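J.: Build me a model from this:
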Amino acid sequence: MPINPYPAVSEAMALSSETPSRILVIRFSSMGDIVLTSPVTRQLSRICPDAEVDFLTRDEYAPLAGALPGIFQVRRLEPEQGLWALVGRLRRRRYDLVIDLHGSIRSRLFGLAVNARRGVRYDKRRFARMALVARPGGSAAVPHTVDRYLEVLGALDGRTVRDEQSSEDAPDAGVNKIPELIVEDSVADEVADRLAGVGIGPEDPVLGLAPGASHGPKRWLPDRFALVADHLASVHGMRVLLLGSDADRPLAAEVAGAMKEPALDWTGATDLALLPAAVERCRHLVCNDSGPMHVATAVGTPVTGVFGATHPRLGFAPLGPEDAAVSLDLPCSPCSLHGDRACRFGTHACMEDLPPRSVIGEVERRLSV
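T.: I've put the predicted structure just below:
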């Protein structure tokens, strides 16, 4: 009977008897999800030190995937270049193992088409997450996305990667679950030069603001970001740096327009090759539940993430030791898995009623450390 290359984690065969030499990790999108795969790619370097680990992602996320630890090559999904041509290139790599961290129909099809010897995929816990949305306001939570990704590696040798706090004697104790991105010195120097060009030196504390998010219900109000920035700029002497994509330009303009203090707007001016270095230069980042939140954790910048329609209990809270997740924790929260549904009550109270002082307090506690 042929081996099914795509068993679920719970069904995966132990692979410890055969060490793979070529591994393909699949995660097509998006920014935050790709960053959260980094504990897996880093751990692969530990348990398969001689293996070449490739990462398959959409073309626009390739620079981010290239900053993940332990990656040998980034393989780009570019539909206009021909999917069969990409499959052919991947097949010629003769992968021993495919690790599907996307869990979509498309990622499964790619995993099958690559014709690897073995394959595992992660469990999205979709029904458990949907249950939290169907019955919001409780204390139940699903495992963090990083934990669910790492469960796939547990399948490689027939065990589960547990929390390092759970047992000091556990064979998998000590697994580092903090996301990581590698910032090249040349890119960090480019950011430093650009900041120096506008009078921001290496000793000047920088506050990063990323007011964007993939969906409107996940976005805190621009004037609230402005109030936080004005306070931290006037009281703590922080220089304010606005970050985001081209799509975030209108939001950033609203934030800057509502501020009394000057702000440097790099929204749309930092692609994914430069964004991690820009965030790394910040003393602190304030943002919504969005990709930059996880980028900050991955480069060691403390972050305060604002949660409204979504909730940290859904498994996307920032994981850094100095990170904070701010939420009013309303009885109706979370109201959707991805923050893409309009408020059922028409009030958007989770964001409208969240005061700037809650965010300022979290930031100031970390500035004092």
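J.: now Arg94, nearest residue through space, not along the chain?
T.: Spatially, and ignoring its direct neighbours in sequence, Arg94 is nearest to Arg22 (6.4 Å; C-beta to C-beta, 6 or more residues apart in numbering). Yep, even glycine has a C-beta here, placed from its N, CA and C like the rest.
J.: how close does that neighbour get to Arg93?
T.: Noted for Arg22: a distance of 6 Å to Arg93, by C-beta to C-beta, to the nearest Å.
J.: hmm, back to that, can you get me a residue count around the residue nearest to Arg94?
T.: 18 (other C-beta atoms under 10 Å).
J.: Check what pLDDT it gets.
T.: According to the predicted model, the pLDDT of Arg22 comes to 97.
J.: same check, this time on Ala173
T.: The model's pLDDT for Ala173 equals 54.
J.: and what of Ala65?
T.: Note on Ala65: pLDDT of 98.
J.: ok, it - contacts?
T.: 27, 34, 55, 57, 71, 74 (C-beta atoms under 8 Å, 6 or more residues apart in numbering).
J.: of those residues, closest to Pro250?
T.: Nearest to Pro250 out of the contacts of Ala65 is Ile34 (C-beta to C-beta; 25.3 Å).
J.: any idea how far that closest one is from Ala51?
T.: 20 Å.
J.: out of these two, which sits in the more crowded spot?
T.: Neighbour tally, Ile34 and Ala51, criterion other C-beta under 10 Å: the higher count belongs to Ile34, 28 against 19.
J.: element containing that one, please.
T.: Assigning secondary structure by DSSP states H and E places Ile34 in helix 31-35.
J.: Determine the set of other helices and strands touching that helix.
T.: helix 62-66, helix 291-299 (3 or more C-beta pairs under 8 Å, 6 or more residues apart in numbering; DSSP states H and E).
J.: ok, residues contacting stretch 72-87?
T.: Contacts to stretch 72-87, defined as C-beta under 8 Å, 6+ apart, come from residues 24, 28, 52-59, 62, 65-66, 89-90, 110, 113-114.
J.: all helices for this structure, in order.
T.: Ranges of helices within the chain are 31-35, 38-47, 62-66, 83-92, 105-114, 126-134, 145-154, 185-196, 222-236, 249-258, 275-281, 291-299, 349-352, 356-367, based on DSSP state H.
J.: pLDDT of the last one, averaged?
T.: What it means is helix 356-367. The model assigns helix 356-367 a mean pLDDT of 97.
J.: Same question for the fifth one.
T.: Averaged across helix 105-114, the pLDDT comes to 94.
J.: Now tell me what touches it from outside.
T.: Contacts for helix 105-114 (C-beta under 8 Å, 6+ apart): 5-6, 24, 26-28, 56, 87, 90-91, 93, 95, 98, 100, 119, 121.
J.: Can you give me every residue that contacts the residue nearest to Arg94?
T.: Applying C-beta under 8 Å, 6+ apart, we find Arg22 in contact with 51-52, 54, 93-97.
J.: taking the residues you listed one by one, which sit in strands?
T.: 52, 54, 97 (DSSP state E).
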